[in-house]
Each structure stands twice: as structure tokens, then as C-alpha cells.
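Peer 1: output the structure for:
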Amino acid sequence: MDKKIVVETRDLTKRYDGTMVVDNLNLHVAENEVFGLLGPNGAGKTTTILMLLGLTEPASGSARVFGFDSTREPLKVKRLTGYLPERLGFYDGLTARQNLRFIAWLNNMTDDEANPQIEQVLEAVGLTEVADTAVGKFSRGMKQRLGIADVLVKKPRLAILDEPTAGLDPEGINQILDLITGLPKMGTTVVMCSHRLYEVQRICQSIAILAKGKLVVEGALDALGREALAEGRYRIEVETTGASPQLVEVIGKIRGVKNVEAEGNFLHITTDSDLRAAISKVVVDSGVALIQMKVQEFSLDDIYKKYFQEG
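Peer 2: Numbering: from 1, shown residues only. Below you'll find the predicted structure:
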């Protein structure tokens, strides 16, 4: 059964001072998925988000969120949508709980509605113990988590997150990604704007790649991965007791092997097909113990390289 499309743009176009920023963009985001909007700085990601939210008008085309036109019905769109901008804005002198109460008030929530929801989202983002601490004392990672709590207070059906892991350390990144992964289970569809491929591959089911305002490719990650795989983009990882230069050279001569890189006892081999049998024979014949071998069928990096070249 086809999934319900809840975010759709049709030939969405935006110009600033005569410069094309978003060029006839057609996006389709399915309900209760994490959708990755990818592209380098200047690709048009943030402008697309602003048009989805009704915060800037397109030059032509349309954007619809849960059936509502973002330009003609922006208030209806905003009631259903939570937005986490790349640059967060909180009142540093207020506590986390007070900031969330202010957001609830802006969204016309009564105290009876807001108070239990605030406690729930504080727990969900792991900030219960510091709920009464002034936000000015928070680390960047804590503020990012509070930003997601801010998005969730009004129980949005759509969360749009612009670079939600910017400026975080690895631990903070993992915490934020884990939070985002759980949002569809709460009934919230996610559009995550990012330029970090590994993060998108980890949590997104579908992606769109933008380049200079144009849509380069859109689709489910697994389907796009199969396309990349069909064009000879296997990666085989081999663990041995010793990856000598001689072994690297011999493997490199196997027909269909495109590249071999050694890293300690590991060999990273790029091939045009599944050559595990031939590679294992060469390794064993060389007298080196083969510990394990696995194939990585595709990566988002493969997809990115296939469809997108900056400049």
C-alpha cells in the first residue's frame, strides 16, 4: 500500500534579486517517515523550508502540508508544524520549563493542556533534571535537545529540523539522532535538513538531494541504493591477520576489483560485483588467515557521488 503523502511541492520556485534559489522543485514526503533534505550550503534547503512554512512566498509553484496551501493557509500549516531552525533562540534568563511554557502560551494551549505535555517532552529529551535551570547555563547539546522539546510541545504532525546536530560533539549528535528516530512513533513526520551524509543514512527512510536549487534525485534510500549497486558500487570489507602490500596487489588484479585500500588488518575493496568468493580464495592462498568478510551493498555517499557533483 502506498504511503500517504503529507508534504508536497509542485514546481516550487523562488528568486532573490533575480537569482534562482529554488528551481521548479517537486518534493513528496510520506507520513510518519524521517525524510532527509540534502545539499551543500546554498543548495536552497533553508529557502525551501521557509516556503513550506509559509514564511516566504514562492515566485511560482505551490507547497502543501497536510493538504493546506502554505502560501494561502499559512496559519493552518503552522498549527500542524514544529520548526527547529539552525540558529536557536531562547530566553537565557528563563528556565527550560519556563521557555516551554512560553511556547505553549504562544500556541494558545491552556495550562491543563500544556503542563503535562511539557513534563512529557522534557523527559523525552532527557532534560527533566535541569528543567528549572536557566537556559543561559546550558551547553549547545542541551539547547539542541530543548529545541526539539520546543518543537514537540504542541504535538506537531510535522517537524522540520534545520541542521539539528550543528556544532555538537559525537555524543551529542548521537543523542539528537536517537531522539529524531523516535518521532514517527509519536505520530510526527520529520523533514531533516542536513549536509551530513552519515547522519541522514542512519535515520532517514527517504531523501531528496538539492544542488543549486534543483532537485537532483528523490526517493527511498533502499531503492536509490539498489540503483547505485546496479552500477557496480559494491564495497567489500575483509579482516585478516595481516594485510600486506603483496596481498593488496594480488587482490587488485582480480577482474572486477576497482580499488583496494589497506587499514591495519582490514582491506576495503571496491568492486563491480559480489567478488567475495574470489577474494577469499586469494587471501587463503596467500597464507593469511581470513577472519571475516562482509559486503556493504551501498552507502549514501555512493548515491551522492552518482547523482551530484558540486559545481
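
Peer 1: only C-alpha atoms for contact and neighbour calcs from this point on.
Peer 2: OK.

Peer 1: parallel or antiparallel, list what pairs with the longest strand along the chain.
Peer 2: When the chain is parsed with DSSP state E, its longest strand is strand 5-16. As defined by DSSP bridges, the strand partners of strand 5-16 come to strand 19-25 (antiparallel), strand 28-30 (antiparallel), strand 60-65 (antiparallel).

Peer 1: let me see the mean pLDDT of the longest one.
Peer 2: This predicted structure assigns strand 19-25 an average pLDDT of 94.

Peer 1: quick check, distance from it to the centre of its chain.
Peer 2: 22 Å (CA atoms, centre = their mean, to the nearest Å).

Peer 1: out of the strands paired with strand 5-16, nearest to Val257?
Peer 2: For the strands paired with strand 5-16, the distance to Val257 is smallest for strand 28-30, at 37.2 Å, taking CA to CA.

Peer 1: what's the next secondary structure element after the closest one?
Peer 2: Note on strand 28-30: by DSSP states H and E, the next helix or strand toward the C-terminus is strand 34-38.

Peer 1: neighbouring contacts of that next one?
Peer 2: By CA atoms under 8 Å, 6 or more residues apart in numbering, the residues outside strand 34-38 that reach it are 29, 45, 180-181, 184, 189-197, 200, 203-210.

Peer 1: circling back to that earlier point, distance to Leu52 and mean neighbour count added to the strands paired with strand 5-16, as TSV?
Peer 2: Below are the strands paired with strand 5-16 laid out as TSV (distance: least, CA to CA, whole Å; neighbours: other CA atoms under 10 Å):
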stretch	distance to Leu52	mean neighbour count
strand 19-25	12	19
strand 28-30	12	21
strand 60-65	6	21
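
Peer 1: what is the burial count for the residue nearest to Ala166 when sequence neighbours are not counted?
Peer 2: Leaving aside its sequence neighbours, Ala166 sits nearest to Glu86 (CA to CA, 6 or more residues apart in numbering; 7.3 Å). Applying other CA atoms under 10 Å, we find 18 residues neighbouring Glu86.

Peer 1: can you tell me how far Glu86 is from Lys143?
Peer 2: Distance, Glu86 to Lys143, by CA to CA, to the nearest Å: 12 Å.
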